[in-house]
Structures are given as structure tokens and as C-alpha cells.
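Trainee: any chance you could fold what I've pasted below:
(one chain, ligands or ions: 1)
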Amino acid sequence: MTGRVVVVTGGATGIGGGIARRFGRAGDLVVLNDIDAEAAERTAADIRADGGRCAVVVGDVRSAGTVLLVRDEALRVGGGRIDVLVNNVGDFRPASRTFLHSTEEQWQDLNEINLLHVLRMCHAVLPIMVDQGSGAVINNSTVEAFRGIPGHAVYSAYNAGVSAFTRSLAVEVAGSGVRVNAIAPDLADTGQTPAAAMLRGRDPDLLRTWVPVGRFGRPEDYAAVVEFLAGEGAGFVTGQTIPVDGGTLAASGWYARADRKGWTNLPNEA
Ligand SMILES: NC(=O)c1ccc[n+]([C@@H]2O[C@H](COP(=O)([O-])OP(=O)(O)OC[C@H]3O[C@@H](n4cnc5c(N)ncnc54)[C@H](O)[C@@H]3O)[C@@H](O)[C@H]2O)c1
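Mentor: Numbers count the residues shown, from 1 in each chain. Purely as a prediction, here's the structure:
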């Protein structure tokens with residue numbers, strides 16, 4: 001039992017669900033925020049059934065009011081501490097076919113769901129961590145903060161913002177005992193990007209041609225890295241965004257050939 005107080009936004013399903021369950025299993029007190037009340041209660045019930053502890057705050061983390069509710073509930077159930085903050089919520093939607101088809105309203109929506117709540121949550125929780133002299137923040141960015149993604153230029157810009165914010169904030173608070181890091185996922189099999197939709201009827205065996213490790217990511221893959229970043233083993237790691245992507249960012253445009261005869265950066269030739 002480590003007994004930390006851990007806030008996870010979007011902690012009911014997908015990557016956030018994996019993160020909440022993992023901290024629950026580690027003996028931490030999980031404060032789970034999600035917009036989906038039913039899914040949040042389901043995940044909390046699973047954590048408790050496994051012997052863990054979980055408090056739920058239902059609400060839209062895009063609202064400044066929810067951010068304060070999450071912080072206050074964490075302080076109430078956690079006896080005045082917050083040890084770990086995982087800003088997990090983010091979404092590539094609303095998407096447009098191209099940037100030229102996108103609207104200013106979509107840019108604003110993408111800002112609110114990917115970046116703005118990360119700033120608000122950090123602004124609300126960091127004073128507590130600084131007063132404690134300890135804490136870890138882990139933000140959820142994306143590989144597309146580092147790699148181009150046509151059709152999602154605005155999404156990638158706000159996630160590059162998450163990673164840049166992570167870097168600069170980490171330097172600012174390092175002297176107070178608080179570390180700030182991020183993960184950059186790719187290809188998670190979740191409600192937002194289900195494996196079936198990514199495959200769209202293609203032969204699953206071809207996954208080995210697109211993803212170096214040859215499979216989609218599972219919520220536990222991302223949760224394991226988040227738990228590491230929150231823990232003492234990462235005590236000398238701050239300001240970084242760690243790709244958790246099965247090697248796609250490293251490959252960046254290189255694909256295994258379907259005929260198993262090496263690699264190509266001209267995929268139609270494979
Ligand atoms: N799925 C991927 O392959 C992938 C790739 C790169 C980055 N990411 C990032 O990882 C994070 C999680 O992705 P996922 O695929 O697990 O997402 P998901 O959509 O499957 O799950 C998100 C969870 O957050 C909750 N949620 C959504 N909006 C919310 C809001 N406004 N307030 C509170 N809760 C809210 C949902 O109810 C759900 O439980 C996101 O930041 C996403 O951008 C995912």
C-alpha cells in the first residue's frame with residue numbers, strides 16, 4: 001500500500017480507466033473524475049471490489065467549476081493532500097477533413113478538450129503540491145505533438161501545447177519537489193479509437209507492418225508508464241513526454257513489408 005491521493009480526469013474508461021484501476025491496485029486513494037456518471041461508478045465499483053479506494057466526481061472537466069470540485073473532493077477524502085494529478089482527458093474530435101475546412105468554433109472546442117483544462121487543473125492543484133513540497137503531475141499528450149497528422153493540425157497544435165507546457169512548468173516547480181511529465185500515446189484500443197474502427201475490416205495480421213511491436217496498445221500499457229512517472233523510480237525525471245506507442249514515433253514513416261522482406265518508406269510498394 002503506497003496510500004497516495006491520486007486524481008485522474010477521464011478516469012472511467014479507456015486509458016484513464018486503466019490508470020485509475022492501476023493506482024487502485026497499488027493501494028492509492030483514487031479520485032476519479034469523469035463526465036460519464038454510469039461508467040465512473042462502474043470503474044469505482046471494480047476498484048473497490050479489488051480492495052482499492054475510489055471517490056467519484058462526476059462532471060465536465062472543461063468547466064472551471066468541475067476543476068474546483070475535483071480539487072476540493074480530493075482534499076476532503078485525502079485529508080488535505082494531493083500527491084498525483086493525471087490530466088488524461090483529450091480528444092481528436094471535432095475533426096475536419098482538412099484545416100481549410102475547419103472552423104474557429106472547432107479550434108475553440110479542441111482547445112477546451114485538449115489544453116485549457118490541463119492548465120486549469122494544474123493551476124488549482126499545484127499550490128497544494130508546492131505547499132507539501134512534493135507531487136507528480138502526468139499529462140496525456142499524443143505522438144502527434146511530435147509527428148505530423150494531416151487533417152488534425154489543430155489537435156496536434158494543442159497537444160504540442162500540452163507537451164511544451166509540461167516542459168516549462170516542470171522547470172518552474174522542480175525546486176518545490178514537484179515533477180511534471182507527460183505520456184504520448186498512439187494506437188490505443190479504446191472507446192475513442194476502437195481497434196475495430198482502426199482496422200476497418202483489414203487483416204489484423206498486417207498490424208505488424210504498421211506498428212513495430214505488432215499490436216494495438218491496451219490501457220494497461222499506458223497506465224504502467226504513468227504509474228512509473230508518478231513514483232520514486234522516476235524521481236530524477238521531469239519535463240519529459242514519454243511516447244507509449246509500440247514504436248510508431250521511432251519508425252516515423254517506415255513500415256515492415258507485408259511480404260516480410262524488410263522495411264519500406266513507400267508503403268504502396270509493400
Ligand atoms: N486512443 C489513442 O490512441 C490516443 C492516442 C493519442 C492520445 N490519446 C490521448 O489519451 C487520452 C485518453 O484517450 P482515450 O482513447 O482513452 O479516450 P476515450 O475517449 O476512450 O476515454 C476518455 C474518458 O474521458 C471521459 N471524458 C471525456 N470528456 C470528458 C470531460 N470533458 N470531462 C471529464 N471526463 C471526460 C470519457 O467519458 C472517458 O471515460 C486523451 O487525452 C487522448 O487524446 C489517445
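Trainee: from now on I want contacts and neighbour counts done on CA atoms only, so please keep to that.
Mentor: Fine.
Trainee: now do the same contact list for the closest residue to the ligand within the stretch 51-200 of the chain.
Mentor: For the stretch 51-200 of the chain, the residue closest to the ligand is G90, as judged by Cα to the nearest ligand atom, at 3.1 Å. Applying Cα atoms under 8 Å, 6 or more residues apart in numbering, one finds that G90 lies in contact with 113-115, 140.
Trainee: okay, and it sits in which element?
Mentor: Using DSSP states H and E, G90 falls within no helix or strand.
Trainee: still on that earlier bit, pLDDT added to the contacts of G90, as TSV?
Mentor: Formatted as TSV, the contacts of G90 follow (pLDDT from 0 to 100):
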residue	pLDDT
I113	98
N114	98
L115	98
N140	98
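Trainee: distance across stretch 250-260, terminal residue to terminal residue?
Mentor: 19 Å (Cα to Cα, to the nearest Å).
Trainee: who touches it?
Mentor: With Cα under 8 Å, 6+ apart as the criterion, stretch 250-260 contacts 147, 206, 208-212, 262-267, 270.
Trainee: lowest pLDDT pick from the residues you listed?
Mentor: Lowest pLDDT of the contacts of stretch 250-260: A270, 50.
Trainee: pull the longest strand from the chain.
Mentor: If you go by DSSP state E, the chain has its longest strand at strand 178-185.
Trainee: just the buried residues of the following helix or strand past it, please?
Mentor: Counting by DSSP H and E, the next helix or strand C-terminal to strand 178-185 is helix 195-199. Across helix 195-199, burial judged by 16 or more other Cα atoms under 10 Å covers A195.
Trainee: what pLDDT, on average, does helix 195-199 get?
Mentor: pLDDT averaged over helix 195-199 gives 94.
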